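*Asks:* Sequence unavailable; structure follows:
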């Protein structure tokens, strides 16, 4: 075999296309009740229009007809919106909105695995909608901040009252946010990362 | 509450028919794992058929499993298995620093913090 001159660019120089290694992904979960503004929050800071991905699932449910004891399998899908933010050349932050319905808990395990943390968006008029998310993140030991979505620029309850109602620890940040406003969502994300940093250094 | 499964028209294929019924591949990818085409993938991209070819062509630009799922209208689990297969076969690759099961390291958190502040 004749060895090639070194200036011949080898075809095995790793990933093609743009060249160089693949970007490193990180993710933050955006949770909260149905229609609380999760997709708005994602869209206000994402560099792409929020995309929707679907998971197919097979739900096994027992029939309620006692005489037949029917076990039925139904195929359905659950939708999840997400956005992305490039943070420099080789780092990409994904924001994943949780599926609204509580019965899709199983998807949360995938969402939460390896995540930086979560933003729990709340509407104080329907505070109870966020209880499942708070329960889940406390249980999972995932850093989270509670973000009060103030649609009209004013909060109808104080953060202290919300903290008491949720029964969350004093070191869990509660912030005011406007899901439509990029500056506001950006500072909410920074608050979360700061909280995750504090938790990681303890 | 909106009812699930109200997506558009078109012939529906039972999702895991595309993967031969498998729900996982040898390479386990996270939903956020970003895939890039390898040199071997570049060569095969135009000749590969079906969903696998679509994935290879989309990954001309680095794309996450979630983005593959969204752009190609594939269920997340199916996109994950097919992309994992393409990694096994050497047509796609991803950043091996990405530890899917662990919390991000302190150093990585600092990079994210700096990156967000610079936005």
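*Replies:* Structure received. None of the values given here were measured: they were computed from a predicted structure.
*Asks:* Show me the shaky parts of the chain.
*Replies:* Reading this off chain A. Within chain A, the ranges that satisfy pLDDT under 70 run A:1-20, A:56-77, A:100-106, A:152-154.
*Asks:* should've been chain B
*Replies:* B:1-13, B:100-101.
*Asks:* Can you name the residue of it nearest to chain A?
*Replies:* Among all residues of chain B, residue B:115 sits closest to chain A, at 2.9 Å; criterion: C-beta to the nearest C-beta. For the C-beta atoms, the positions are set from N, CA and C on the backbone; glycine is no exception.
*Asks:* so when I look at that residue, I'm seeing a strand, right?
*Replies:* No - under DSSP: H, G, I helix; E, B strand; the rest coil, residue B:115 falls outside any strand and is assigned helix.
*Asks:* right, and it touches residue A:91 too?
*Replies:* Yes - contact between residue B:115 and residue A:91 holds when scored by C-beta atoms under 8 Å: they sit 6.0 Å apart.
*Asks:* For the chain, just list every one of the strands.
*Replies:* Defaulting to chain A. According to DSSP state E, chain A carries its strands in the segments A:24-32, A:51-62, A:71-86, A:91-97, A:117-122, A:144-149, A:174-177.
*Asks:* hmm, I had chain B in mind actually
*Replies:* Going by DSSP E, chain B shows strands at B:34-37, B:63-64, B:92-94.
*Asks:* what sits against residue B:32?
*Replies:* A:25, A:26, A:27, A:94, A:96, A:114, B:64, B:65, B:66 (C-beta atoms under 8 Å, 6 or more residues apart in numbering or on different chains).
*Asks:* burial count for the second one?
*Replies:* Translated: residue A:26. Neighbourhood size, residue A:26 [other C-beta atoms under 10 Å in any protein chain shown]: 23.
*Asks:* If it is in a bridge, with which residues?
*Replies:* Beta-bridge partners for residue A:26, by DSSP bridges, are residue A:93.
*Asks:* if I read this right, it contacts residue A:88, doesn't it?
*Replies:* No - Residue A:26 sits out of contact with residue A:88 when judged by C-beta under 8 Å, with a separation of 11.7 Å.
*Asks:* still on that earlier bit, which residues does the residue of chain B closest to chain A contact?
*Replies:* A:87, A:88, A:91, A:93.
*Asks:* what's the answer for residue A:184, then?
*Replies:* A:44, A:177, A:178.
*Asks:* swap the cut-off to 6 Å and go again
*Replies:* Shown in contact with residue A:184 (C-beta atoms under 6 Å, 6 or more residues apart in numbering or on different chains): A:177, A:178.
*Asks:* So residue B:95 versus residue B:45, what's the distance?
*Replies:* Distance, residue B:95 to residue B:45, by C-beta to C-beta, to the nearest Å: 20 Å.
*Asks:* Run through the residues of chain B sitting next to chain A.
*Replies:* The interface of chain B toward chain A, taken as C-beta under 6 Å from any C-beta of the partner chain, is made up of B:4-5, B:15, B:31-32, B:34, B:36-39, B:42, B:60, B:62, B:66, B:69-70, B:75-76, B:93-95, B:97-98, B:100, B:104, B:106, B:109, B:111-113, B:115-116, B:119.
*Asks:* What's the separation between the closest residue in space to residue A:200 that isn't next to it in sequence and residue A:138?
*Replies:* Nearest non-adjacent residue to residue A:200, counting by C-beta to C-beta, 6 or more residues apart in numbering or on different chains: residue B:106, 5.2 Å away. Noted for residue B:106: a distance of 22 Å to residue A:138, by C-beta to C-beta.
*Asks:* Now for residue B:79: which residues touch it?
*Replies:* B:65, B:68, B:69.
*Asks:* who's in contact with the residue nearest in space to the middle of chain B?
*Replies:* Centroid-nearest residue in chain B, with C-alpha atoms, centre = their mean: residue B:65, separated by 2.1 Å. Contacts for residue B:65 (C-beta under 6 Å, 6+ apart) come out as B:29, B:31, B:33, B:79, B:80, B:83.
*Asks:* right, and out of the residues you listed, which lies closest to residue A:121?
*Replies:* Closest approach between the contacts of residue B:65 and residue A:121, by C-beta to C-beta: residue B:31, at 20.2 Å.
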